[in-house]
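A.B. asks: below: sequence and its predicted model.
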Amino acid sequence: MAQILADRRDISFVLHELYEIGNLSQYEKYADFGPKVMDMVVNEARNLAVKEIYPTWKTGDEEGCTYANGKVTTPEGFKAAWDLLVEGEWLAMDRNVDWGGQGMPETLAMAAREYLTAANMALLMIAVLNHGSGKIIEIFGNDKQKELYLKKVYSGEWGATMLLTEAEAGSDLSALTTTATKNDDGTYSLVGNKLFITAGETDLAENIIHPVLARIEGAPEGSKGISLFLVPKFWVNDDGSLGERNDIVCTGIEEKMGLHGSPTCTMSLGSKGKCIGTLLGEENKGLMSMFFMMNEARLSTGTQGLSCSSASYLHALDYARTRLQGPMMGAKEKKQVAIINHPDVRRMLMNMKMFVDGMRSLHYYIASREDFKQFVDDKAEKEKMQNVIDILIPIAKGYVTDRAIEVCNTGIQIFGGYGFTKEFPVEQLSRDVRITAIYEGTNGIQAIDLLGRKLGMKGGQLLTDLTTEMKKTIDLAKGMDQLKALGEKTETVIQEWENAARHLSETASGPNMLKGYAHACPLMQITGDVVMAWLLLWRAVVAKQKLEGKVKKKDIAFYEGQVQTAEYFIRTVLPMTSGLVNTVLDTCGVAIDMADASFGGK
């Protein structure tokens, strides 16, 4: 039977052979999560995803959410699927067991979430909010807030959101106008309007807890005067029971290109003067607190891109193997063959496969560093691991979702005319994945983060630590006859990338700052290409080592595919990456210098 969401063999390879996640069971914290248990968790997630969650995917798109009189109704089957997620404790897999989590490694949780997200991204992105909001309550909440909210948020018994965006304060959160006035009892009265709020109102849970960014009256202007508040849909009494309805209401939902099953709400706070919240963390430090959630949300967004890409690739692969069309080029016998035999289709499938494999390697790598970092005693080594995580976050979100859009678009192309119809799933995947390049910080912002923050942090140490890790893999590859040339090609482009990164970093911090930032996205693409080459080469090294030993016959093709995928990427993509390096080094300033009127349109 063809796989439709994620490649189970590849997930096993990344978990156990590439990153050896089973080694975490030697530590007391993860003693219950040996390799067999990990496989069981992933298999259960796959079963739930395929049998229960995936049937709601198309219904969610066709039926969508409906809004009436302040209430949102989710599509048929969503509530039942949500209840299964709650019952199976799938919403807080890697969270603290003291607060209702399962306490499993992040890498294992990511593997499970990849399946669940691929089955229904619209539903699972609502679950991600519980995961992230719970974390900031756990980190910044006082004892009472944790006692009242945390277990029910982590479990999914209650919903959760994050209220950041306003009409005039999208990417620039410092411009928000929602206000908070302190009351005599220590609570705050909030007034304002928020938009683009995922799951601001649903029928999935009896209560929704809203972390809200607002400015306390008299607070400093800009980002330094923003605080974070917890605003429940229904006020929660000290004994945990639900009290009065709070003055926070949904005033409408957006009609979107995709993700129809996920309600994107406009929210009104305090229209009757009775929206009450409690301060979460310290006054005027709300933006910093929220960014604990944002960084995780950005990684989750990249995982959504991976999940859509994986599903699109597997659908396209199955279709290519079964769709008969045209005779084989050059064949004497003019009979139809499966389109996977045609050269251009194979090229497109290779392009999809290499990015899906690279995306999965990148996201699981970041999660694995988070897992193993906990048990590193050497402070310098722990800092290096964190440095590598930090510099890879904009790649895991920005680069991955850019490539995910390309992969899903290619999936449509492989289906041909059928891909443009709703009869097959690839057109919905392409519509759903498009948002990933926009929300949780547009990919332009991710590129700015890479260029303006990450490259310069700690005197460039993040870049140094990442290249050090890359060179470990290259040294291994150069010691293998079949991989030596690939290692050398990758090493050359890494050196070019380092030069381009330093050049652009200097440009962006000097008098030609705007010209520098005009090339931030190309630099992010170069960085992402280099990261993909490194991780695919790492896969090839491990696969080659396996092939040199005793291998089950059924695994030979899989391991050979790892080597060939790395070769394909390094020989076909990296030459174009080198050309993009030249573009960055040239730093053409026309886009900045051209007069507004010269763009035309008038």
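C.D. replies: Now that the structure is in, tell me what you want to look at.

A.B. asks: got the residue ranges for the strands in the stretch 201-350 of the chain?
C.D. replies: Using DSSP state E, counting those that start in this stretch, the strands assigned to the stretch 201-350 of the chain run over residues 208-216, 227-232, 234-236, 242-245, 248-253, 264-269, 276-279, 324-327, 336-338.

A.B. asks: what strands line up against the fifth one, and which way round?
C.D. replies: Each strand that pairs with strand 248-253, with its direction, by DSSP bridges: strand 264-269 (antiparallel).

A.B. asks: same question, the last one
C.D. replies: According to DSSP bridges, strand 336-338 forms sheet pairs with strand 324-327 (antiparallel).

A.B. asks: now the fourth one
C.D. replies: Based on DSSP bridges, the pairing partners of strand 242-245 within the sheet are strand 234-236 (antiparallel).

A.B. asks: what's in contact with the partner strand?
C.D. replies: L148, Y149, E206, N207, L242, G243, E244, R245, N246, I276 (CB atoms under 8 Å, 6 or more residues apart in numbering). For glycine as for every other residue, the C-beta is placed from the backbone atoms N, C-alpha and C.

A.B. asks: re earlier: with distance to C308, mean neighbour count and mean pLDDT added, can I get the strands of the stretch 201-350 of the chain in CSV?
C.D. replies: What follows is the strands of the stretch 201-350 of the chain, written out as CSV (distance: least, CB to CB, whole Å; neighbours: other CB atoms under 10 Å; pLDDT from 0 to 100):
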stretch, distance to C308, mean neighbour count, mean pLDDT
strand 208-216, 26, 25, 96
strand 227-232, 31, 25, 97
strand 234-236, 34, 18, 96
strand 242-245, 36, 12, 96
strand 248-253, 22, 20, 98
strand 264-269, 18, 23, 98
strand 276-279, 35, 21, 97
strand 324-327, 26, 12, 89
strand 336-338, 25, 14, 93
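
A.B. asks: what's the closest of those strands to T202?
C.D. replies: Minimum separation from T202 across the strands of the stretch 201-350 of the chain (CB to CB) falls at strand 208-216, 7.2 Å.

A.B. asks: the inter-axis angle of the closest one versus strand 264-269?
C.D. replies: Put simply, strand 208-216 runs at 60 degrees to strand 264-269, going by axes from the mean of the first three to the mean of the last three CA atoms, to 10 degrees.

A.B. asks: which other helices and strands does strand 208-216 contact?
C.D. replies: helix 121-140, strand 159-160, strand 179-182, strand 188-198, strand 227-232, helix 286-322 (3 or more CB pairs under 8 Å, 6 or more residues apart in numbering; DSSP states H and E).

A.B. asks: show me what the shortest one pairs with in its sheet, parallel or antiparallel.
C.D. replies: This points to strand 159-160. strand 208-216 (parallel).

A.B. asks: and the furthest pair within the contacts of strand 234-236?
C.D. replies: For the contacts of strand 234-236, the maximum inter-member distance is 18.4 Å, found between E206 and I276 (CB to CB).

A.B. asks: still on that earlier bit, the strands of the stretch 201-350 of the chain into a markdown table, with extra columns for distance to D529?
C.D. replies: Below are the strands of the stretch 201-350 of the chain laid out as a markdown table (distance: least, CB to CB, whole Å):
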| stretch | distance to D529 |
| --- | --- |
| strand 208-216 | 35 |
| strand 227-232 | 37 |
| strand 234-236 | 49 |
| strand 242-245 | 51 |
| strand 248-253 | 38 |
| strand 264-269 | 32 |
| strand 276-279 | 44 |
| strand 324-327 | 32 |
| strand 336-338 | 31 |
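
A.B. asks: for A591, which of those strands is the nearest?
C.D. replies: Across the strands of the stretch 201-350 of the chain (criterion: CB to CB), the nearest stretch is strand 264-269, sitting at 31.4 Å.

A.B. asks: name the residues that touch that closest one?
C.D. replies: Taking CB under 8 Å, 6+ apart as the rule, strand 264-269 contacts 72, 163, 178, 190-201, 210, 212, 231, 247-254, 256, 275.

A.B. asks: show me what contacts I366?
C.D. replies: Counting by CB under 8 Å, 6+ apart, I366 touches L299, I389, L392, I393, A396.

A.B. asks: actually, Q461.
C.D. replies: So Q461 contacts N387 (CB under 8 Å, 6+ apart).

A.B. asks: returning to what we had before: and of the strands of the stretch 201-350 of the chain, who's closest to N43?
C.D. replies: strand 336-338 (29.7 Å).

A.B. asks: re earlier: for S133, find the nearest of the strands of the stretch 201-350 of the chain.
C.D. replies: Using CB to CB, the nearest of the strands of the stretch 201-350 of the chain to S133 is strand 208-216, at 5.5 Å.

A.B. asks: ok, how many other residues are close to N47?
C.D. replies: By the measure other CB atoms under 10 Å, the count of residues near N47 is 11.

A.B. asks: cool, T117 as well?
C.D. replies: The burial count for T117: 29, using other CB under 10 Å.

A.B. asks: against I445, how distant is the closest residue to it other than its chain neighbours?
C.D. replies: Leaving aside its sequence neighbours, T117 sits nearest to S307 (CB to CB, 6 or more residues apart in numbering; 4.0 Å). S307 sits at a distance of 22 Å from I445 (criterion: CB to CB, to the nearest Å).

A.B. asks: what of A520?
C.D. replies: 9 Å.

A.B. asks: follow-up on the earlier one: nearest to L317, out of the strands of the stretch 201-350 of the chain?
C.D. replies: strand 336-338 (11.0 Å).

A.B. asks: got a list of contacts for the closest one?
C.D. replies: A320, R321, T322, R323, L324, Q325, G326, P327, M328, A331.

A.B. asks: who's in contact with the third one?
C.D. replies: So that's T322. Residues near T322 by CB under 8 Å, 6+ apart: A338.

A.B. asks: if I look at it, how far off is I339?
C.D. replies: Taken as CB to CB, the span from T322 to I339 is 9 Å.

A.B. asks: for P35, same thing?
C.D. replies: P35 is 38 Å from I339, by CB to CB.

A.B. asks: compare the two (neighbour count), which wins?
C.D. replies: Comparing P35 with I339 by other CB under 10 Å, the one with more neighbours is I339, at 21 against 16.

A.B. asks: ok, the more buried one to S310 distance?
C.D. replies: I339 is 20 Å from S310, by CB to CB.

A.B. asks: so what's the residue count around S312?
C.D. replies: Using other CB under 10 Å, S312 is surrounded by 30 other residues.

A.B. asks: now it: closest residue in space that isn't a chain neighbour?
C.D. replies: Spatial nearest neighbour of S312, chain neighbours left out: G411 (3.5 Å); criterion: CB to CB, 6+ apart.

A.B. asks: now do Q102
C.D. replies: Once flanking residues are discounted, Q102 sits nearest to M93: 4.9 Å by CB to CB, 6+ apart.
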